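Visitor: Pasting the sequence and the predicted coordinates here, then a few questions.
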Amino acid sequence: MANQQVDKGKTSVTGEAGGTGGTGEVSARAPWGGARGRVLAASAVVLAGVMAFHRGVPNAVGRVGSLLESFLPWVGLLVVALLIGALVRRSAVALVAVLLPVGVWVHLFGGLLLPAAESGGRELVVVQHNVSDENRDPAATARALIEAGADLVALEELVVPQLSVYEKALAADYPHHVVRGTVGLWSKYPLSGERLVDIKPPGIAEGWSRGVRAVVDSPYGDIAAYVAHLPSVRAGAGGLASERRDESAELLGRAIAAESVDTVILLGDLNGAVEDRGLAPLTSRLNVAERGFAFSFPASLPLARIDQVMARSATVGHIRTLPATGSDHLPIAARVTLG
């Protein structure tokens, strides 16, 4: 006589023969494989495709492509969610599929996680910071920037009366500086050829001035340093409003392309991530940081690096954020190795 009972996912088999009996329990949990997790697997493939071919996401309506690219590194969180789902579902198919977006993410961003390379000797340390026109303690901000020990310091949103505070506080460590409009460059080395760079897109009122260029007489030769603050970008129900930012980036890209000095360093609040196609006029001509994420905005919960350091005929090595100041941006510092 044999009795079989099924209780809560377990199968219990009891056999009796000649007054003796035995009981054995066999787990009914499904093995790895089968049809489980097909939705997860399909989602993983789609996610890998979106990351790998993000430039193919249309930008015509709401600039969805640029919006995606602004936060592209964070897509890695979706990859982690899919991985957890595959493990919970015990799906070998889903687990293998998740390796696709993992591989794409590592290809795009894995290098930023590597340790900084050893100093090559021919390098400058540069600091970029949007100090905010609402900064209530510019003197403390200036002191914090000095502590970074940079060779060049680029600032944006310089307004009266804060400008005079920065000029006074930075003068001893940075005896050379130039300001045009609301942007400025402070240097330990002599500057020459200072001039305004017109990056004002159509439709913005006269008096808007956010670009400056100067030649730095560094120990390693002349460097054309550009400081820029591109127009703000707004995200809303209609998507991303970045047209003016993109137009300004195009103007800045043309100015840099026409630059006669071989080595160029661009520092600025570009209101966009380097993955954003709106900055292509710059990223197609200049090298970007090889190490570090350095998310700089907003300072209270940094989600994107919209403050950038780029270079031509030079390498931007490790980039990092500095402690918060009175601004809504975090300062960033980078090592630039000259060729």
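Guide: Sure thing, it's come through. Residues are numbered from 1 along each chain as shown.
Visitor: Need the CA coordinates for the helix or strand hosting V336. PDB is fine.
Guide: Following DSSP states H and E, one finds V336 within strand 332-338. This file holds the C-alpha atoms of strand 332-338, laid out as PDB (Å, rounded to 0.1, in the frame of the first residue of the first chain):
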ATOM      1  CA  ILE A 332      35.700  68.900 -10.200                       C
ATOM      2  CA  ALA A 333      39.500  68.400 -10.500                       C
ATOM      3  CA  ALA A 334      41.400  66.600 -13.200                       C
ATOM      4  CA  ARG A 335      44.900  65.800 -14.200                       C
ATOM      5  CA  VAL A 336      45.800  66.700 -17.800                       C
ATOM      6  CA  THR A 337      48.900  65.000 -19.200                       C
ATOM      7  CA  LEU A 338      50.500  67.000 -22.100                       C
END
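Visitor: can you list contacts of it?
Guide: The contact list for strand 332-338 (CB atoms under 8 Å, 6 or more residues apart in numbering) reads 116, 119-120, 122-129, 148, 150, 218, 220-221, 223, 263, 265, 289, 294, 296, 305, 307, 309, 311, 313-322. C-beta coordinates here come from the backbone N, C-alpha and C atoms, glycine included.
Visitor: which regions of the chain sit below the pLDDT cut-off?
Guide: For the chain, applying pLDDT under 70 flags the ranges 1-36.
Visitor: What's the separation between the residue nearest the centre of it and F109?
Guide: Centroid-nearest residue in the chain, with CA atoms, centre = their mean: R305, separated by 3.7 Å. As judged by CB to CB, to the nearest Å, R305 and F109 stand 12 Å apart.
Visitor: My guess is the residue nearest to the centre of the chain contacts F293. True?
Guide: Yes. Taking CB atoms under 8 Å as the definition, R305 is a contact partner of F293 at 6.5 Å.
Visitor: in its sheet, what does the strand holding V336 sit against?
Guide: strand 123-130 (antiparallel), strand 314-321 (antiparallel) (DSSP bridges).
Visitor: Mind giving me the packing neighbours of the one helix or strand K168 maps to?
Guide: Assigned by DSSP H and E, K168 belongs to helix 162-170. Applying 3 or more CB pairs under 8 Å, 6 or more residues apart in numbering; DSSP states H and E, we find helix 162-170 packed against helix 138-146, strand 176-180, strand 183-187.
Visitor: Measure how the first one sits relative to helix 162-170, angle-wise.
Guide: It refers to helix 138-146. 40 degrees (axes from the mean of the first three to the mean of the last three CA atoms, to 10 degrees).
Visitor: likewise the second one?
Guide: With the same axes, to 10 degrees as the basis, strand 176-180 and helix 162-170 are set at 170 degrees to each other.
Visitor: In CSV, could you pull the C-alpha coordinates for strand 176-180?
Guide: The C-alpha trace of strand 176-180 is given here as CSV (Å, rounded to 0.1, in the frame of the first residue of the first chain):
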residue,chain,number,x,y,z
HIS,A,176,47.2,85.8,-13.5
HIS,A,177,43.5,85.8,-14.4
VAL,A,178,41.0,86.9,-17.0
VAL,A,179,37.2,87.4,-16.8
ARG,A,180,34.8,87.9,-19.7
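Visitor: Can you measure across stretch 48-60, start residue to end residue?
Guide: Its start and end residues considered, stretch 48-60 measures 22 Å (CA to CA, to the nearest Å).
Visitor: So which bits of that stretch are buried?
Guide: 48, 50-52, 54, 59 (16 or more other CB atoms under 10 Å).
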